[in-house]
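[1] could you look at this predicted model? Sequence included:
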Amino acid sequence: MTVTTTSVPTAQTAPTAQAAPAVRTVTLASLSRQTGLAVLDHLEQSVSIPVVDGLQAQGDLIVIPLSVLGLSVRPRPWARWTEVPPQGVELLRGEAGGNPHTLVADPGTCRWTTEVMDAEGLAIGLFETSAVAYLLHPEHGATGCAPGAYAVRRQREHGEHGWRRTRFVAD
């Protein structure tokens with residue numbers, strides 16, 4: 001995946017000041033084109049994809065930094081990690097064969113495992129990324145995950161019979 005690089009102009013405070021590093025701007029259209037994963041027409045294609053280093057939700061998924069979860073979610077000791085390929089890894093498909101949530105990243109920058117221990121049983125996997133990785137969904141668009149380690153969990157909601165019963169969010 002190749003991204004467009006744009007320089008951010010800065011004012012120099014002294015003749016020895018260095019220019020700011022290049023900022024990578026990725027739009028929904030460019031990410032969709034580069035991965036071959038289509039998004040629906042109702043989404044604004046020219047929007048820049050935000051990059052977040054904290055909690056982020058996308059439909060029935062929630063991405064949580066491992067640092068927030070402590071030891072309640074971690075890879076199994078024998079976990080096999082797989083590099084995320086340029087076409088991405090499908091994390092979860094919506095109810096009744098719906099739209100997929102796909103993790104995409106530049107080659108060699110992100111790895112993924114489904115071999116997870118989760119005290120609450122909600123994690124479907126973990127990923128570690130040394131560069132921005134993206135979650136792409138045809139209906140929800142995309143969001144960027146800053147470099148770090150994350151758990152990907154199903155979201156749940158209170159059921160019809162009060163707080164004691166929960167169910168997965170269906171996207």
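    That came through, no problem.
[2] what are the ranges of the helices in the protein?
    28-35, 66-69 (DSSP state H).
[3] where among these is average confidence lowest?
    If you rank the helices of the chain by mean pLDDT, helix 28-35 sits at the bottom with a mean of 69.
[4] low pLDDT regions in this protein?
    Counting by pLDDT under 70, the chain contains low-confidence residues at 1-24, 28-31, 36-46, 94-97, 137, 140, 156-171.
[5] mind redoing it with 50?
    The chain contains residues with pLDDT under 50 at 2-15, 20-22, 166-171.
[6] and A79, how many neighbours does it have?
    With neighbours defined by other CB atoms under 10 Å, the count for A79 comes to 14. C-beta coordinates here come from the backbone N, C-alpha and C atoms, glycine included.
[7] dihedrals phi and psi, the closest residue to it other than its chain neighbours?
    Take A79 and drop its neighbours on the chain: the residue closest to it by CB to CB, 6 or more residues apart in numbering is E115, 3.8 Å away. Taking degrees, to the nearest 10, you get phi -90, psi 90 for the backbone angles of E115.
[8] am I right that E115 is in contact with T82?
    No. Here E115 lies out of contact with T82, judged by CB atoms under 8 Å, at a distance of 10.3 Å.
[9] give me the common contacts of these two.
    In the contact map built from CB atoms under 8 Å, 6 or more residues apart in numbering, no residue is linked to both E115 and T82.
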